[in-house]
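Trainee: give me coordinates for this.
(one chain, ligands or ions: 1)
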Amino acid sequence: MDIPVQIAIRLKPPSLADSLQCIFSNPVTQIVITESGQTFHVNRALPVDCTQAHLFNSFMIPQINCFLDGCDTSVIVFGQPKSGKTYTLFGSGFECIHSECDQGIVPRFLSEIFHRLGQMPEREYILHITWMQVVNNNIFDVLGAGLVRCTNVEEAFQYLQLGWRQRCLGNNHTVFTVSMEQKWVGTNGILNHRMSTASFCDLAAYPEPGLFALENIIKELVSGNPPKQINYDRCILTAMLRDSFGGRAFTWVIGCISTEPDDYQDTLKILNLCLFCRGIKNFVTVNLFADNNTPVYSDKGVLPTDNAFNLQFATTQWIKLVSNAEGLFNKILQSKSLSETDMNQVSEWLFLKAECDECLNSDMTTDNKETGTKQGLPRIAEDTEPSEPSESDVESDSEDSDSETVFQDKLEKLMDYFREKNDQLFADRCEEYLNHIDSDDITISETSGSQSLPIMTSQSNSGRRRTIQPGESISGAQLELLRKVAAKAISPESQKIIIESHKKEIDPEPKLIERELLKMIDSPKMNEICKKYKLTKEKYTQKQILARKLSKEISSSQTQLKELINLCIAKQRLIDDLCKTSEKNNKAYLEKVDISLTEHDTTREIKRHEINLKTYKKQIEQIKRQIKKDEKRKNTLDIELLKDKLKLDELSESSVDTKDRKTHSIKHFTHRISQLDSILKEKNNDLANLDLSKEKELMLRKEIKNLRKTRECLHEQRCSLGHKRKMYKSLSDSEERKILECEEAIEAIDTAIEYKNNLICGKSPSASLSDSQDNKDSRSRGEQMLMARLDKLSHDEMKTLLYRYFQKVVDLRGACAALEAGATEAAEEAAAWRARAAAAWRHAQRARPLPHRCLDGGNAERALMLGMTTDSETSDDAMRLVDRVRQLARNPPAPVIPRQNLRQLMPATNIPVAKVTKEKNKLVIVQQNKKN
Ligand SMILES: Nc1ncnc2c1ncn2[C@@H]1O[C@H](COP(=O)(O)OP(=O)(O)OP(=O)(O)O)[C@@H](O)[C@H]1O
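Mentor: Just a heads-up that it's a prediction; the model follows:
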């Protein structure tokens, strides 16, 4: 099949966002426009912000299909320096740092091929890659191993990585090739054995001999030189690209161009070269092996029977699956548990299924079967037609078009019939659905009117339902309160049911209350309006989906139409060119040159193209008709949609009117409901703190039991250590510390047990902690911030912190014990000092002559008052004191010794006494000065 070389143009995004652009592309019309207004029609005018994925998807899928079918394919990238040629083919690199989104055509092609092969287990294949570079007309093997076999995508990517690292940079050509041999047995028992090659070529940016040679070949091909007469062996590059230009490959040429005004001239050159390529046609064909198409099964009878059986079985299973899915979807639709988009999707699925059922079950099955093959859009001959139309086709054209018109009319009628049936079926479904809802499920949905009603769904898991449900957890008083409020709103009958259910400790079934309330809100008329509204709304949604589908179909038909028109234009040009050539030949004939053979060829060629053109035109007509029909249908749908919308508004308004009359009662009930709600919410909050489930309580009890056990162990340890201390009078440091740890841990366990007990008893757990609300309130801002930070700690962090805290407390306790011992020692020393001072004083008194004895009566009295216990002790200090007193006695009149001096002399009398107590984990040291 002759397929022209296809052209895609990719614009390199400007380096600066606001820089001037001299080239623009229109991806809709597939036109590239220069700043001077010059236009270039191409097959794909890619947008300036075109992603790698978009580029790949926009034209590589047909290439992959071709490759898998056994055809050769080729992608050639032209462009100025740094215009993104390598980026387009390979991406930015294959290391982990490079994003997958940046992957170019080659890695995507390999991934897709292996993915597709994975889905075709019946195919055996051998895939090889090569990566060559042409540097100064010398060939260089990038992978260093010629053909490299790849069995999976990972292997292929490893070679890509290797090649990427080893390739030469600079002005050279790169040719990456994927070749694949495939073998598989078709369902008809025939062997398929094919070979295909995909080549990807990144051409040098700067003009060089290879590039010039290629340009010349392109020009020769365009000017009508048959490939057979072209010398491809001019250089290595042209030899390598023999199949891409004028050969058997399905070729895409990608022009990578810069949009910068400075590169304008080069850009024009590239665009023109690309346009030249458009004139080249390659003869794309499936590469078969000699054994291709040979039957593999000797017993031909077996396979079809088996196949038929398999097919039949598969069909039955499939039908079962589909009806199963339908049932499930219906349930899902009724439960309304999906989002609106998902609901729409499910509805669409059901709708399509109904369409299929209708088609399959309809009386017109045979008719449809006959016409079925002609439904849908006609295929574009250029892409898919395997062979050229024969001359007889042309003759039967007019006949065909007549029968086609009849067929079209018949089809239209059938389609109308189908639509009618479908609408009917859909309406029935809706009715059924609504009836089902009415009987099973009382719901006032948001769609029931524009006014907002309290939305109560029986399946709802709202807080209200939750609070009513656990009847046993609501106290009698709370229930009474609830009943009191509810009693004003619900009928005596339902009231009875609820109260009785509470008496029996059964769930009072909140649905009953809702049902009762709804009954009071709803009137038959309101119901009817709601029903109508729902029905219309459903219909409206379905029609919207249909309209959207139609729009999509129309736009795809339009795209196809455009492509066909482009093909027509191309064909027309070609025919014109050929006609010109033919004219030239005619002239030559006149000049008696023997060109009869060529002339004949050209005429045949022209005829063939004219037939093709005719086919295209026919297809264009068909598509146009289809578009027209679709547009007509869409218009009808739009009008219907508008009508439905008006109807919906009307219904909504009338429901508002009815509702207005009911506003008072609704308000009343809304008020009641909100009252109930708030009461229950309040109770729920309290219950959340106090009401523990049995399971939780059991858990707490278990925890307490464990804690008690631990406490016993610790206590035992503590006792044994205490016993040891008693026996040996002292303990090692580590044992002392162990005692402290035990004590501290026992204290902590006691607090934890108390806390858990409080939780079980329903008391506020914080009652056991000193961290009362008052304490919290009085906390400094810093402390509060600290608490906030503590709250943010993870469980492990908190554990570590608590352990450290525990150790610190034990340290402190140890220090406290040491301090206590120190304080006792100090007190003992002080007592000794006091005794000594008193003895000294007495001694001095005795030694002093009588008149001086009352020198300082107050002090003497005080000294005597202080426990004067020992007479014997006369220390140096005492002696010094006595000497001093003597001295004083010798010098009458004796001066009055200031009180503080005396205090200096008698430190023991005024020594500060420290009282050390422990409060929780704090040491409190209070200084107590004994004053007389
Ligand atoms: N469309 C694009 N989107 C994002 N980046 C691009 C695009 N085109 C090119 N680049 C970046 O521009 C730089 C040059 O691209 P690249 O190396 O592919 O150009 P080249 O035409 O192959 O260069 P050379 O002429 O040296 O062979 C690269 O960093 C590439 O990532």
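
Trainee: distance check, residue 74 against residue 240.
Mentor: Distance, residue 74 to residue 240, using Cβ to Cβ, to the nearest Å: 10 Å. To be clear about C-beta, it is placed using only N, CA and C from the backbone, and glycine gets the same treatment.

Trainee: what of residue 233?
Mentor: Remark: distance between residue 233 and residue 240 (Cβ to Cβ) = 11 Å.

Trainee: the more surrounded of these two?
Mentor: Taking neighbours as other Cβ atoms under 10 Å, residue 233 and residue 240 compare with residue 240 leading, 20 against 10.

Trainee: what pairs with the closest residue to that one other than its chain neighbours across the strands?
Mentor: Leaving aside its chain neighbours, residue 240 sits nearest to residue 175 (5.3 Å; criterion: Cβ to Cβ, 6 or more residues apart in numbering). Residue 175 forms beta bridges with residue 132, residue 201, as assigned by DSSP bridges.

Trainee: what residues are up against the closest residue to the ligand within the stretch 151-300 of the chain?
Mentor: Minimum separation of the stretch 151-300 of the chain from the ligand (Cβ to the nearest ligand atom) falls at residue 205, amounting to 3.5 Å. Residue 205 sits next to 79, 80, 81, 82, 83, 85, 171 when contact means Cβ atoms under 8 Å, 6 or more residues apart in numbering.

Trainee: not counting residues beside it along the chain, what's closest to the first one?
Mentor: Same thing as residue 79. residue 256 (3.3 Å).

Trainee: element containing that neighbour?
Mentor: Using DSSP states H and E, residue 256 maps to strand 249-258.

Trainee: cool, residue 731 as well?
Mentor: Applying DSSP H and E, one finds residue 731 in no helix or strand.

Trainee: I'd say it and residue 721 touch.
Mentor: Yes - the criterion here is Cβ atoms under 8 Å, and residue 731 meets it with residue 721 at 6.7 Å.

Trainee: overlap in contacts of the two?
Mentor: residue 739.

Trainee: burial measure for the closest residue to residue 806 other than its chain neighbours, as a count.
Mentor: The shortest distance from residue 806 to any non-neighbouring residue, by Cβ to Cβ, 6+ apart, is to residue 744 (6.5 Å). The number of residues packed near residue 744 is 18, by other Cβ under 10 Å.

Trainee: try residue 680
Mentor: Residue 680 has 22 nearby residues by other Cβ under 10 Å.

Trainee: ok, now how distant is it from residue 762?
Mentor: 19 Å.

Trainee: surely residue 810 is within a strand?
Mentor: No - the assignment for residue 810, made by DSSP: H, G, I helix; E, B strand; the rest coil, is helix rather than a strand.

Trainee: tell me how many other residues crowd it.
Mentor: 19.

Trainee: let me see the contact set for it.
Mentor: 737, 740, 741, 744.

Trainee: what's the distance between the last one and the ligand?
Mentor: When distance is defined by Cβ to the nearest ligand atom, to the nearest Å, residue 744 is 66 Å away from the ligand.

Trainee: quickly find the element holding that residue.
Mentor: Short version, using DSSP H and E: residue 744 is in helix 733-761.

Trainee: please identify the buried residues of that helix?
Mentor: Neighbour counts using 16 or more other Cβ atoms under 10 Å place 736-742, 744-746, 748-749, 752-756, 758-759 of helix 733-761 among the buried residues.

Trainee: which pLDDT value goes with the residue in the stretch 401-550 of the chain that the ligand sits nearest to?
Mentor: For the stretch 401-550 of the chain, the nearest residue to the ligand under the criterion Cβ to the nearest ligand atom is residue 548, separated by 32.7 Å. Listed pLDDT for residue 548 reads 85.

Trainee: tell me the secondary structure for it?
Mentor: Under three-state DSSP, residue 548 falls in the helix class.

Trainee: wait, isn't residue 255 in contact with residue 272?
Mentor: No - in this structure, residue 255 is not within contact of residue 272 by Cβ under 8 Å, at 9.7 Å.

Trainee: so which of the two has more stuff around it?
Mentor: residue 255 (28 against 11).

Trainee: distance of that one from residue 45?
Mentor: 10 Å.

Trainee: what do the two both touch?
Mentor: Counting by Cβ under 8 Å, 6+ apart, the residues touching both residue 255 and residue 45 are 8, 9.

Trainee: name the residues that touch stretch 220-239?
Mentor: The contact list for stretch 220-239 (Cβ under 8 Å, 6+ apart) reads 134, 137-139, 173, 209-211, 213-214, 216-217, 241-242, 245-247, 276-277, 279-280, 577, 581.
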